[in-house]
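Participant: 3D model of this:
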Amino acid sequence: MIRAGRLQYVQTMSDLADALGKKVTTLRNQKPYAAEGHPAPISSPDARNQLWDSEQTRAYYAGEPVPELPQVDDDEDLLDRNEAADLLGVAPSAWNTYKKKDPELAAGVVRVPEGPKGTEHWPRRLVTAYKDNRPGRGAGGGRRAGSGDMIPRDQILQRIAELLDADPAVTVETVSDTLGITMFPTAQSGLATLRGRRIADLVEQQPGLDLKDAALQLGYPAITHRAAVAFAERELRARSAQPYLQHTADVLAAAGIAQQAHVETHQLDGGAVAAAVMLDTDQPAAAAVWDSRYGWRTSTSRRHPIGKDTDTPPEGEGIRYLGSGLQPEPEELLAALRDTRKGTKRPHTKP
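Facilitator: Reported below is the predicted structural model:
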């Protein structure tokens with residue numbers, strides 16, 4: 001979080017790069033901020049854009065003692081979406097809904113740095129006030145544990161994860177009864193998703209480990225292996241593509257045509273993976289979208305750049321397929337985005 005009174009010292013990734021005389025892409029590749037002893041980010045661990053306190057980083061790189069930041073919570077502390085959601089005990093996606101519906105939250109948002117590309121933050125006092133006045137029984141509102149039909153959809157995986165932590169062999173029936181959600185597809189899909197992610201985690205920790213053996217190590221019943229392993233395979237494909245996608249996004253951002261952000265991959269039906277890089281508002285296209293089946297294309301939608309998952313490649317006005325192959329060099333993609341004459345109406349590759 002940004003402690004009260006320290007907004008003027010907030011340092012973005014670009015600010016840190018400038019202070020060190022480096023390009024953002026170089027900074028990301030070298031990762032000096034990951035070195036032992038480097039001041040920790042003041043942004044939340046899951047924040048898309050990392051922030052630091054410039055007084056701390058200046059002292060660190062000057063070889064001077066790094067000053068401590070205030071440790072006592074203050075009403076004027078600025079919380080990002082993850083910290084605000086944590087204070088309320090909800091998922092970040094739920095906070096995305098609250099911040100739009102509540103007039104006080106909508107009016108009190110602070111962008112850091114200032115401007116449309118800044119990361120949204122809210123004063124602690126506004127988040128606390130919202131928490132105290134949420135609909136429900138008494139201060140803090142909310143619902144009784146187990147009143148499943150009242151559990152917001154964006155909290156279901158978190159609740160299932162708690163049951164899976166307690167019992168790796170937990171059944172679909174138990175999850176459904178405990179949380180009050182439907183067995184099919186909600187409980188079944190949630191369990192397969194979480195088991196698949198944890199299998200993928202274990203395989204990354206133990207290279208060469210068979211996916212089914214990983215499922216056994218984690219204590220998952222044999223009847224659940226097929227669905228969990230299938231999800232783990234898709235999860236690993238998504239993770240393997242992420243470094244390429246992030247590097248490409250960094251190159252586009254450094255060139256000044258895309259927003260600097262952490263790239264998130266999305267799993268599509270049939271095992272495909274997709275990701276979107278939002279382009280600046282002065283660009284002809286709203287976003288550059290990568291699909292593991294078709295490669296890169298442009299998108300005209302800022303709200304839903306990836307669009308609906310279909311068995312055929314998206315086509316239509318404003319859509320251009322760019323680059324050669326599924327993973328062209330970032331410079332090739334950059335050149336194609338800058339020249340609207342380049343690209344094709346249909347992908348060069350077929351799934």
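
Participant: would you mind measuring from residue 257 to residue 188?
Facilitator: Separation of residue 257 from residue 188 (Cβ to Cβ, to the nearest Å) stands at 42 Å. Just so you know, the C-beta spots here come from the backbone N, C-alpha and C atoms, and that holds for glycine as well.

Participant: do residue 165 as well
Facilitator: From residue 165 to residue 188 the distance is 18 Å (Cβ to Cβ).

Participant: and residue 225, what does it touch?
Facilitator: 212, 215 (Cβ atoms under 8 Å, 6 or more residues apart in numbering).

Participant: name the helix or strand for it, please.
Facilitator: Using DSSP states H and E, residue 225 maps to helix 225-254.

Participant: per-residue confidence averaged over stretch 298-305?
Facilitator: Averaged across stretch 298-305, pLDDT comes to 91.

Participant: using PDB, list the CA coordinates for it.
Facilitator: What follows is stretch 298-305 as a C-alpha-only set of coordinates in PDB (Å, rounded to 0.1, in the frame of the first residue of the first chain):
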ATOM      1  CA  THR A 298      -5.800  -7.100 -33.800                       C
ATOM      2  CA  SER A 299      -9.000  -6.600 -31.900                       C
ATOM      3  CA  THR A 300     -11.400  -3.700 -32.000                       C
ATOM      4  CA  SER A 301     -12.800  -4.200 -28.500                       C
ATOM      5  CA  ARG A 302     -11.200  -2.800 -25.300                       C
ATOM      6  CA  ARG A 303     -13.700  -4.400 -23.000                       C
ATOM      7  CA  HIS A 304     -13.600  -7.900 -24.400                       C
ATOM      8  CA  PRO A 305     -10.500  -8.000 -26.700                       C
END
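
Participant: and the contacts of it?
Facilitator: Contacts for stretch 298-305 (Cβ under 8 Å, 6+ apart): 276, 278, 284-289, 306-307, 317-320, 322, 337, 343.

Participant: can you rerun that using 10 Å?
Facilitator: 274-279, 281, 283-289, 297, 306-307, 314, 316-322, 336-337, 340, 343 (Cβ atoms under 10 Å, 6 or more residues apart in numbering).

Participant: so which bits of that stretch are buried?
Facilitator: With burial defined by 16 or more other Cβ atoms under 10 Å, the residues of stretch 298-305 counted as buried are 298, 299, 305.

Participant: can you pull up the bridge partners for the first one?
Facilitator: Think residue 298. Beta-bridge pairing for residue 298 (DSSP bridges): residue 288.

Participant: can you pull the contacts of residue 109?
Facilitator: Contact analysis of residue 109 by Cβ under 10 Å, 6+ apart lists 78, 99, 118, 120, 121, 122, 123, 126.

Participant: among these, name the buried ones.
Facilitator: Using 16+ other Cβ under 10 Å as the burial test, these include 78, 99, 120, 121, 122, 123, 126 as buried.

Participant: give the closest residue to the most centrally placed residue in the chain in space, chain neighbours not counted.
Facilitator: Nearest to the centroid of the C-alpha atoms of the chain, with distances taken as Cα atoms, centre = their mean, sits residue 264, at 5.2 Å. In space, and not counting its chain neighbours, residue 264 is closest to residue 275: 6.6 Å by Cβ to Cβ, 6 or more residues apart in numbering.

Participant: next, count neighbours for the one you found.
Facilitator: Per other Cβ atoms under 10 Å, the neighbour tally for residue 275 reads 25.

Participant: thought residue 239 was touching it, still the case?
Facilitator: No - Residue 275 is not in contact with residue 239 according to Cβ atoms under 10 Å; the separation is 11.8 Å.
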